[in-house]
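> Build me a model from this:
(chains A and B)
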Number of protein chains: 2
Amino acid sequence: MIAEIISTGDEVLTGTVVDSNAAWIAGRLYETGVPVGRHLCVGDDLERLTEVLCETSERADIAIVTGGLGPTVDDITAKAAARAAGVELKQNPTARAYIEEFFKRFARQISDSDAKQAVLPETARPVLNTVGTAPGFNLRIGACSFYFLPGVPFEMRKMMEDHIIPSLSRESAAGGRYFYREKRISLFGLPEAHVNERLVDLTGRMDNVKLGMLAEFPVIHVKLSAYGRDADAMDAAVKAAAGQVKERVGEFMFSESGRSMEEVAGDLLTRRAATLAVAESCTGGLIGHRITNVAGSSQYFAGSIVTYANKAKINLLGVSPDTLERYGAVSEQTAREMAEGAARAAGTDYGLAVSGIAGPGGGTDEKPVGTVCIGFCGPGESFARCYSFGFRNRLANKRIFAEAALDMLRRKLSGLGELRRKATERKD
Amino acid sequence: MIAEIISTGDEVLTGTVVDSNAAWIAGRLYETGVPVGRHLCVGDDLERLTEVLCETSERADIAIVTGGLGPTVDDITAKAAARAAGVELKQNPTARAYIEEFFKRFARQISDSDAKQAVLPETARPVLNTVGTAPGFNLRIGACSFYFLPGVPFEMRKMMEDHIIPSLSRESAAGGRYFYREKRISLFGLPEAHVNERLVDLTGRMDNVKLGMLAEFPVIHVKLSAYGRDADAMDAAVKAAAGQVKERVGEFMFSESGRSMEEVAGDLLTRRAATLAVAESCTGGLIGHRITNVAGSSQYFAGSIVTYANKAKINLLGVSPDTLERYGAVSEQTAREMAEGAARAAGTDYGLAVSGIAGPGGGTDEKPVGTVCIGFCGPGESFARCYSFGFRNRLANKRIFAEAALDMLRRKLSGLGELRRKATERKD
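Numbers count the residues shown, from 1 in each chain, chains lettered A, B, ... in the order given. Prediction:
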């Protein structure tokens, strides 16, 4: 059994709207044991949509089509479906009853354009929409079973969950059900090519487990997935594969359950009942923003002091003017004093600080754009380390600086050494 | 001339990642006068990708393909392209030189897997990637000109802007060109349904100008677009339409050139040669992060003090313990004192503060989740205002609180009154 997903509508085709429906549907199909062959998107164009429906009917067993079921003139999906199936359009009494039922709740009369939504290909079976006016429908074209749904995400999702997933689930089970298993191992601090070198020998050596890599800058996820009939065997195979990956990536792994660096660091603080304050320069508040995206972070996070100007570093963090003068704002000395200053000002157990050059301006030969110094202090310990990540893009630098700072915290709280990157380290 | 867009990769096919590349590429192609026929997505599957490339080559004149150019084993795009074009894969010296050039900046040696990225179909022309290791390439398959680009959005976008859009623009001009005109009017503070009510009478009354609405939470963009051969007439029609929209949305518009709220507010500060400090509570640093996303913001932004805990509000911002006790942290009184404290501590002309309840916990009957108080102070003025936006999602609340605070700054610096939202305002 293989499925295809078709999104229709000019707003998706022209890029006005990002097609998040396709991703959601794909995820649910895989979870139901139905693999997906392709996604397609076409505009509100009768010829092209008809063509696409015919092509898909020759390749797929199942197709989920979204969009174009509404009451307006550019809603042409039912017409295209009828043409592709070679049948007539007809008012469908069940669909008409669904629409009347919906409008009754709002004490509204059905208009002509509302009624148009009950006109379906004559061999179609309507699918109830309890949260919107346009019913969906199921229609066989060739050997493929098509489900036509509205493009409005919450209507589409509700109909998928209520009607289509249960039905596919039964079909999938009847045909000897397929299962999908996936595990993500998230890494920071290794370039993609290095991750690949560490893992390349595993490819082809893992029983039915597919190894993929997904870069979500600046993090890399190693994705282990399996698809098949024997769920227990797959669970064991994915687990064994994960063990082999973990052995090869070691301390660069920060999560094997899809958690973010700030969630992992937050957990480590919670486990110690410890508190944290942050001092940020070029990251501008991004570290604090990320930490506070985690619900419950107020238990361990006191605050962040964003000192963009040197004067603020002196006044708010107590960095010594002498340090700034002698070593500069982007230096191990300043970063360490910032971390200490933040912890002191907020009265916390740990302090974390970032000072760097995000660009596009402000770089020098000695400290180019992409240079960052990360300061850390905790009970009986205080130090800083500088890195040169070498990106030129301001937002990319802010992101990698914030990730590196949170990773420093994770490493120190886990008893690991700090990130060492010979190749990209500043030489001083 | 017609284009197709192909996204490759299991992470997109299985729904792990939403395909935002296709929408961005589609938007840029339309702006360049190149209409799009279809989007397609296939996984990391050599047979299927080859099949899709062959099919597209028979329908389209131009194709943009993203993903699968990296150094890892599941990067199979070059192989599929070579098969579809019926040519061999070969180390490309220009591509190799591009990669070496890129690594020189990091003083890093090229590994075998890095070098793999220089192996291209032998008839391909490499496309320079200045922000990542994988070069792209241009390849003719049948009568269609394919551009293969990395899937990493900022790499793909840079290569599109630097190389492909200029080249397509010339081709499009040579073939008796179609033009695309678009104007975006960005609004904050009106719900989508209210924007719709204000604009509904314009639909169908504007010559060849299409009106669309694009919600980019919490901002709404009204998009006016036209596509045709007479660029001057289209410019005039879009301009006239924009005038009518602006009349109906008034002070809720913050930009008509696609700029973000932080860019607009930054410009207003620059024009006054004024400086700003921020105090944040529940937004956790998001306001400082957004302000510092703008290059050159160090000219007007001194810093942000993120005081998550009450103690920090007292110690770092000088908020009176009495105020906190009597009115609570989420109150007009506290927000005003926070704004004043930030400006005082950093020695700036303006202060902006946010204190609110982002959730999921912490709400009360009187101050439910989604309540926020925004404080503002400037020369001779200091006040605060509370709103209840009523979202339940933590990140959604952080976003709308940050937007509302920056909008408050924009309104005050533009001589407008503050946002009044009767329906959603707290009653106290």
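
> Show me which positions of stretch A:139-154 end up buried.
A:Leu139, A:Ile141, A:Gly142, A:Cys144, A:Ser145, A:Phe146, A:Tyr147, A:Phe148, A:Leu149, A:Pro150, A:Gly151, A:Val152 (16 or more other Cβ atoms under 10 Å in any protein chain shown). (Each C-beta comes from the backbone N, C-alpha and C, glycine too.)

> With stretch A:272-281 instead?
A:Thr275, A:Leu276, A:Ala277, A:Val278, A:Ala279, A:Glu280, A:Ser281.

> Ok, stretch A:226-235 next?
Buried, per 16+ other Cβ under 10 Å, within stretch A:226-235: A:Ala226, A:Tyr227, A:Met234.

> Could you verify that the first one is part of a helix?
By that I understand A:Ala226. No - going by DSSP: H, G, I helix; E, B strand; the rest coil, the assignment for A:Ala226 is strand, not a helix.

> So what angle separates the directions of the strand or helix carrying A:Val52 and helix B:46-59?
Remark: A:Val52 resides in helix A:46-59, with elements defined by DSSP states H and E. Interaxial angle of helix A:46-59 relative to helix B:46-59 (axes from the mean of the first three to the mean of the last three Cα atoms, to 10 degrees): 150 degrees.

> contact partners of helix A:46-59?
Applying Cβ atoms under 8 Å, 6 or more residues apart in numbering or on different chains, the external contacts of helix A:46-59 come out as A:2, A:4, A:6, A:8, A:37-38, A:40, A:42, A:63, A:65, A:68, A:76-77, A:79-81, A:83-84, A:141-144, A:146, B:37-38.

> of these, buried ones?
Counted by 16+ other Cβ under 10 Å, these give A:4, A:6, A:8, A:37-38, A:40, A:42, A:63, A:65, A:68, A:76-77, A:79-81, A:83-84, A:141-142, A:144, A:146, B:37-38 as buried.

> Would you mind listing what in the stretch 101-250 of chain A touches chain B?
A:192-197, A:200, A:203, A:210-215, A:217, A:223, A:225 (Cβ under 8 Å from any Cβ of the partner chain).

> Next step: those restricted to helices.
A:Glu192, A:Ala193, A:His194, A:Val195, A:Asn196, A:Glu197 (DSSP state H).

> Now A:Gly360. Its backbone dihedrals?
Just so we're on the same page, residue A:360 is Pro rather than Gly. phi -70, psi -20 (degrees, to the nearest 10).

> secondary structure element for the residue with the largest distance to the centre of chain A?
The C-alpha centroid of chain A is most remote from A:Asp322, which lies 44.7 Å away (Cα atoms, centre = their mean). Element membership for A:Asp322 (DSSP H and E) is helix A:321-327.

> lowest confidence element among the helices and strands of chain A?
When the helices and strands of chain A are scored by mean pLDDT, DSSP states H and E, helix A:112-115 comes last with a mean of 77.

> For the residue farthest from the centre of chain A, give me the pLDDT.
We have a pLDDT of 97 for A:Asp322.

> now the ones in helices among the residues of the stretch 101-250 of chain A next to chain B as a markdown table including neighbour count and pLDDT?
Shown next, in a markdown table, are these (neighbours: other Cβ atoms under 10 Å in any protein chain shown; pLDDT from 0 to 100):
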| residue | neighbour count | pLDDT |
| --- | --- | --- |
| A:Glu192 | 22 | 82 |
| A:Ala193 | 22 | 81 |
| A:His194 | 21 | 87 |
| A:Val195 | 25 | 90 |
| A:Asn196 | 26 | 84 |
| A:Glu197 | 18 | 85 |
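
> right, and the pair among these with maximum separation?
A:Glu192 and A:Glu197 (9.9 Å; Cβ to Cβ).

> who's in contact with the residue nearest to A:Arg157 when sequence neighbours are not counted?
With sequence-adjacent residues excluded and distances taken as Cβ to Cβ, 6 or more residues apart in numbering or on different chains, A:Arg157 is closest to A:Trp24, at 6.7 Å. The contact partners of A:Trp24, by Cβ under 8 Å, 6+ apart, come to A:Pro153, A:Arg157, B:Gly15.

> which one of those residues is nearest B:Arg399?
A:Pro153 (18.6 Å).

> Quick check: the gap between the closest one and chain B.
12 Å (Cβ to the nearest Cβ, to the nearest Å).

> Now do the same contact list for the residue nearest to that residue when sequence neighbours are not counted.
In space, and not counting its chain neighbours, A:Pro153 is closest to A:Asn21: 6.0 Å by Cβ to Cβ, 6+ apart. By Cβ under 8 Å, 6+ apart, A:Asn21 lies in contact with A:Ser7, A:Thr66, A:Gly151, A:Pro153, A:Met156.

> Please repeat the previous calculation with a cut-off of 10 Å.
Each residue near A:Asn21 by Cβ atoms under 10 Å, 6 or more residues apart in numbering or on different chains is listed here: A:5, A:7, A:9, A:12, A:39, A:41, A:64, A:66-67, A:149-153, A:156-157, A:160, B:15, B:18.

> can you tell me the helix or strand for it?
helix A:20-31.

> looking at it, A:Phe154 is touching A:Val131, isn't it?
Yes - using Cβ atoms under 10 Å, A:Phe154 is in contact with A:Val131, at 6.4 Å.

> Kindly provide the distance from A:Ile400 to A:His194.
Distance of A:Ile400 to A:His194, computed by Cβ to Cβ, to the nearest Å: 15 Å.
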